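In: Got a predicted structure here, sequence first:
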Amino acid sequence: RYIIANEFILNRDFFAMAAAQTGLKPPKVLPYRFTYVVAWLAERVLKMAGRKDIMATTDAIFLSNVFREMDHGKARRELGWMPRPLSETVHDAVAWFRARAQQQT
């Protein structure tokens, strides 16, 4: 089994990187514990209301923070896997979305 994961960065740093590519200000990122409590409360309220399509669940909040540093050394050694810098991927993603938006106008 191989871990195919690149560098780990915090959500706030990822959003700042994407915002820098667009020239926009990065969004405000709420503290982990606060968002977990809000998600926990929202799950209970929405469950009582019969809603099942909850976007911000405690599982989603937990998973956004649980997978931190991972060692992909085995994939590098045995598969020759060479991940590119995350900043390049973000740059390409922003360029793709810009091109797509221009096509739709």
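Out: Arrived safely, thanks for sending.
In: quick one, helices of the protein?
Out: Along the chain, the stretches classed as helices by DSSP state H are 11-22, 32-48, 58-66, 73-79, 86-104.
In: Who are the packing partners of the first one?
Out: Based on contacts counted as 3 or more Cβ pairs under 8 Å, 6 or more residues apart in numbering; DSSP states H and E, the elements that helix 11-22 packs against are helix 86-104. For glycine as for every other residue, the C-beta is placed from the backbone atoms N, C-alpha and C.
In: Can you report the mean pLDDT over the residues of the helix it packs on?
Out: Over the span of helix 86-104, the pLDDT mean works out to 92.
In: quick one on the thing from earlier: redo the helices of the chain as TSV? Include mean neighbour count and distance to Ala5.
Out: Conversion of those to TSV gives the following (neighbours: other Cβ atoms under 10 Å; distance: least, Cβ to Cβ, whole Å):
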stretch	mean neighbour count	distance to Ala5
helix 11-22	15	14
helix 32-48	13	20
helix 58-66	13	13
helix 73-79	12	9
helix 86-104	12	11
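In: among the ones you listed, which is nearest Ile4?
Out: When the helices of the chain are compared by Cβ to Cβ, helix 73-79 sits nearest Ile4, at 5.8 Å.
In: got a list of contacts for the closest one?
Out: The set of residues external to helix 73-79 that reach it, using Cβ atoms under 8 Å, 6 or more residues apart in numbering, is 2-4, 81-82.
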